[in-house]
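A.B. asks: Fold the following.
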Amino acid sequence: MGRGRENFLSLLDDEKIGIFCAYDKDYHSFKAKIHYENIFSHLGVQGIKQCVFMDQIHSNKVKLYDQNLKNLCCDGLISKEKKIALCVLSADCLPLILYHEEGIIAALHSGRKGSFENILKVCLNKIISENPCLKLSQFHLFILPGICMKNYELSGEILEFAKRNFGSFIKGNNLDLKALVKFQAKNLGINHIQDCEICSFDNDSFFSYRRNQTSKRFASVVYLKG
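C.D. replies: Residues are numbered from 1 along each chain as shown. Predicted structure coming up:
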């Protein structure tokens, strides 16, 4: 569990990195754009120069962020740049933050499809291919607010597919998405896993599509400090 104040949850805040969730308003309007300002300054967050929001498409597509990146159509971004905030929009899907102690961050939108397609593995492989000498023991995974198993019921062809391929994470007709991601992380050699243990469906402070079909989204954010 992270440290929270009203409409803001901090999972890590030290001299190197900040990881937090902002749920004070609907951030959906910020999607698919690079914002050249600190849009979280009103929450007391300092040191951000740009905020990057993906055009999320429920995929396992992960891109390396740099100043020349124009197409933000993906569900994961990786960066080494300081003061650049990578942002995930969600309202039940899992926001995942991956951090390596050498100064590499990634922000992932891992819904059912992205988790089934192991977006975390795609991301890790891309990081390692660019930085082959990294130690796996220095990776840290953070799971921010998302839907929990008791509120995530599947049906029809999706349920049958899940039972065939991910049966260990199905109880009745419900999928434990967080358990699946943790299992994938451990299989990849990521042992430092911090789950904020907040269900977006149960906690009325967070937007939840399953609860009321809202189009609103909260933001989960990671940035390297200067």
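A.B. asks: just how off-centre is whatever helix or strand residue 96 lives in within its chain?
C.D. replies: Assessed by DSSP states H and E, residue 96 sits inside strand 94-100. Mean-position distance between strand 94-100 and its chain equals 5 Å (Cα atoms, centre = their mean, to the nearest Å).
A.B. asks: For residue 93, which non-adjacent residue is closest in space?
C.D. replies: Leaving aside its chain neighbours, residue 93 sits nearest to residue 111 (3.4 Å; criterion: Cβ to Cβ, 6 or more residues apart in numbering). Yep, even glycine has a C-beta here, placed from its N, CA and C like the rest.
A.B. asks: what do you get for residue 217?
C.D. replies: Nearest residue to residue 217, sequence neighbours excluded (Cβ to Cβ, 6+ apart): residue 89, at 3.9 Å.
A.B. asks: tell me the mean pLDDT for the helix or strand harbouring the one you found?
C.D. replies: Under the criterion of DSSP H and E, residue 89 resides in strand 84-90. Average pLDDT, strand 84-90: 98.
A.B. asks: Sketch out the low-pLDDT regions of the chain for me.
C.D. replies: Across the chain, residues meeting the criterion (pLDDT under 70) sit at 1-5.
A.B. asks: The residue sitting furthest away from the middle of it and residue 181, how far apart?
C.D. replies: When distances are taken from the C-alpha mean of the chain, residue 156 lies farthest, 27.0 Å away, according to Cα atoms, centre = their mean. From residue 156 across to residue 181, the span is 23 Å (Cβ to Cβ, to the nearest Å).
A.B. asks: Is it correct that residue 22 is in contact with residue 218?
C.D. replies: Yes. The pair residue 22 / residue 218 is scored as a contact, 6.5 Å apart, by Cβ atoms under 8 Å.
A.B. asks: quick one: which of the two has more around it?
C.D. replies: The residue with more neighbours, out of residue 22 and residue 218, is residue 218; 26 against 19, by other Cβ atoms under 10 Å.
A.B. asks: Would you mind naming the residues that bridge with the more buried one?
C.D. replies: Taking DSSP bridges as the rule, residue 218 bridges to residue 90.
A.B. asks: same question, residue 195
C.D. replies: On the basis of DSSP bridges, residue 195 takes part in beta bridges with residue 143.
A.B. asks: ok, it - how many residues close by?
C.D. replies: Neighbours around residue 195, by other Cβ under 10 Å: 19.
A.B. asks: got a list of what it touches?
C.D. replies: Residue 195 makes contacts with 143, 178, 182, as judged by Cβ atoms under 8 Å, 6 or more residues apart in numbering.
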